[in-house]
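1. coordinates only, sequence not included:
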């Protein structure tokens, strides 16, 4: 403990019951002991299920108190129905008195968010409903409840500063506590590269581990034809005669109707052959990398290409909560955009409520922004364009049309 005394930073104006215990990494744990020793020498309390329950209830009331204070008019900035993922990530977690791994829904007596919502319904704080598939959502909240009116705010723990940054000093993490929108004015450069399959190595391309651009593959095909002049049709120089390598390895990799016709003709147009090589992932396996601002592959060896087609920002227009049309924006994180930070801007520009929640069908932690109405034009031209997202990187899915109507 003496070795840590000089590192302690004490604040006289902060009550002890509002301080947050340090991390438990590297701490000793005693057998049959409910206390853990943190790195700063303080004991970290492991809460009981009742303490976690109380903390969750306090956090929920705090979130409603804040929503009512910041948005006087109903529904106080909330977009109903409220999903369980939004409830936990946007209402409970930011307002917990203790930001500790021990304070999570699995450590409570409810064990999951569905039972927690049922408890809130039983407390007559919310009105909930079970949807098809077992999901439980909040349809309404009683903001006139005395527990919300008389709630006394407590000091929230200071958010931990982001430690992950790249060589240019910009944050790679887009968590809800990132206060500055660094995506404004950014310049994005999306590069698509390919790895050659064994069908093309070594006749056309020398290595199956090297990344090639489309220009390099086109140049390699041109060089292959020059090295094999007998393939050129002298009467129609645009056409290439088929040899066993082109017929079997290239056209025979994943033959379709056009390939069968070409095989029967015994020759193929140069442009068609080039497109076939680039578009057939049995021949050229696509990878992508999104460069930001001044990043270059030559200058930063830590940048890695990702397998698969390039990412897209998806704008899904659909009906939720009955007959209400909403626009859900997903895939923002791939373009270095923090969904939490664009919510207020969307709410202002679209003159409607906006919310952030778990991306439906996405990986845990991937978020989507929902805003009322069909806002595809505003989002594309006024939100995404000034953050460097081009129109060809945006995919619009319109599910708002009622069945039976064109």
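-> Alright, I've got the coordinates. The model shown is predicted, which means the values in this text are computed figures rather than measured ones.
2. okay, CA-based contacts and neighbour counts for the rest of this
-> OK.
3. low pLDDT regions in the stretch 101-250 of the chain?
-> 132-133, 158-179 (pLDDT under 70).
4. and if you look at the stretch 301-406 of the chain?
-> 301, 321-322, 402-406.
5. can you pull the buried residues of the longest helix along the chain?
-> Counting residues, the longest helix found in the chain (DSSP state H) is helix 49-70. If you call a residue buried by 16 or more other C-alpha atoms under 10 Å, then helix 49-70 has these buried ones: 49, 52-53, 55-68.
6. can you tell me the SS state at residue 319?
-> Secondary structure, DSSP: H, G, I helix; E, B strand; the rest coil: residue 319 is strand.
7. quickly list what it is bridged to.
-> On the basis of DSSP bridges, residue 319 is bridged to residue 325.
8. and it, how far from residue 327?
-> 9 Å (C-alpha to C-alpha, to the nearest Å).
9. got it, and residue 285?
-> Distance from residue 285 to residue 327, by C-alpha to C-alpha: 33 Å.
10. go on, residue 190?
-> In terms of C-alpha to C-alpha, residue 190 sits 25 Å off from residue 327.
11. torsion angles phi and psi at residue 344?
-> Main-chain dihedrals, residue 344, degrees, to the nearest 10: phi -60, psi -40.
12. looking at strand pairing, list the partners for the nearest residue to it once chain neighbours are set aside.
-> What sits nearest to residue 344 in space, not counting adjacent residues and going by C-alpha to C-alpha, 6 or more residues apart in numbering, is residue 354, at 7.4 Å. Beta-bridge pairing for residue 354 (DSSP bridges): residue 371.
13. ok, how many other residues are close to residue 354?
-> Neighbours of residue 354 under the rule other C-alpha atoms under 10 Å: 23.
14. looking at it, it is touching residue 77, isn't it?
-> Yes: between residue 354 and residue 77 there is a contact under C-alpha atoms under 8 Å: 7.4 Å.
15. which one's more surrounded, residue 285 and residue 327?
-> Per other C-alpha under 10 Å, whichever of residue 285 and residue 327 has more neighbours is residue 327, with 28 against 19.
16. tell me if that one really is in a strand.
-> Yes: looking at residue 327 with three-state DSSP, it is inside a strand.
17. how many other residues sit next to residue 304?
-> 12.
18. I meant residue 196, not that one.
-> Residue 196: 26 neighbours (other C-alpha under 10 Å).
19. would you mind confirming that it is in contact with residue 284?
-> Yes: using C-alpha under 8 Å, residue 196 is in contact with residue 284, at 4.8 Å.
20. looking at the protein, which residue lies furthest from center?
-> Distance from the C-alpha centroid of the chain, by C-alpha atoms, centre = their mean, peaks at residue 235 (54.4 Å).
21. now that residue: which helix or strand?
-> In the assignment (DSSP states H and E), residue 235 maps to no helix and no strand.
22. quick check: phi and psi on it?
-> phi -80, psi -30.
23. likewise for residue 130?
-> The phi/psi pair for residue 130 (degrees, to the nearest 10) is phi -90, psi 130.
24. show me the contacts for it.
-> 136, 137 (C-alpha atoms under 8 Å, 6 or more residues apart in numbering).
25. beta partners for it?
-> With DSSP bridges as the rule, residue 130 is bridged to residue 136.
26. now the most centrally placed residue in the chain. Nearest residue, chain neighbours left out?
-> Nearest to the geometric centre of the chain sits residue 366, at 3.5 Å (C-alpha atoms, centre = their mean). Among residues not flanking residue 366 along the chain, residue 359 sits closest, at 5.5 Å (C-alpha to C-alpha, 6+ apart).
27. residue 70 now?
-> residue 76 (7.5 Å).
28. so how far is residue 150 from the one you found?
-> Residue 76 is 17 Å from residue 150, by C-alpha to C-alpha.
29. now swap in residue 195 and tell me
-> From residue 195 to residue 150 the distance is 63 Å (C-alpha to C-alpha).
30. between the two, who's got more neighbours?
-> The residue with more neighbours, out of residue 195 and residue 150, is residue 195; 22 against 10, by other C-alpha under 10 Å.
31. which residues does the more buried one bridge with?
-> Beta-bridge partners of residue 195, as defined by DSSP bridges: residue 285.
32. that one touches residue 286, doesn't it?
-> Yes: between residue 195 and residue 286 there is a contact under C-alpha under 8 Å: 6.7 Å.
33. next SSE downstream of the longest helix of the chain?
-> With DSSP H and E, the next secondary element past helix 49-70 is helix 84-86.
34. contact partners for the residue nearest to residue 344?
-> Counting by C-alpha under 8 Å, 6+ apart, residue 354 has contacts 77, 78, 79, 343, 344, 346, 347, 369, 370, 371, 372.
35. surely the last one and residue 326 touch.
-> Put plainly, it is residue 372. Yes: counting by C-alpha under 8 Å, residue 326 is a contact partner of residue 372 at 4.4 Å.
36. residue contacts, residue 84?
-> Contacts of residue 84 (C-alpha under 8 Å, 6+ apart): 113, 114, 117, 135, 136, 137, 138.
37. now with 10 Å, please.
-> 90, 112, 113, 114, 116, 117, 135, 136, 137, 138, 357, 358 (C-alpha atoms under 10 Å, 6 or more residues apart in numbering).
38. which of the residues you listed count as buried?
-> Buried, going by 16+ other C-alpha under 10 Å: 90, 113, 114, 116, 117, 136, 137, 138, 357, 358, out of those.
39. which of the residues you listed fall in strands?
-> 136, 137, 138, 357, 358 (DSSP state E).
40. just the closest of those residues to residue 254, please.
-> Nearest to residue 254, judged by C-alpha to C-alpha, of these is residue 358 at 38.1 Å.
41. and the helices in the stretch 251-400 of the chain?
-> With helices called from DSSP state H, counting those that start in this stretch, the stretch 251-400 of the chain shows them at 257-265, 270-279, 339-349, 376-378.
42. now these as CSV including mean neighbour count and distance to residue 247?
-> As requested, the helices of the stretch 251-400 of the chain are arranged in CSV below (neighbours: other C-alpha atoms under 10 Å; distance: least, C-alpha to C-alpha, whole Å):
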stretch, mean neighbour count, distance to residue 247
helix 257-265, 13, 7
helix 270-279, 16, 11
helix 339-349, 18, 49
helix 376-378, 14, 46
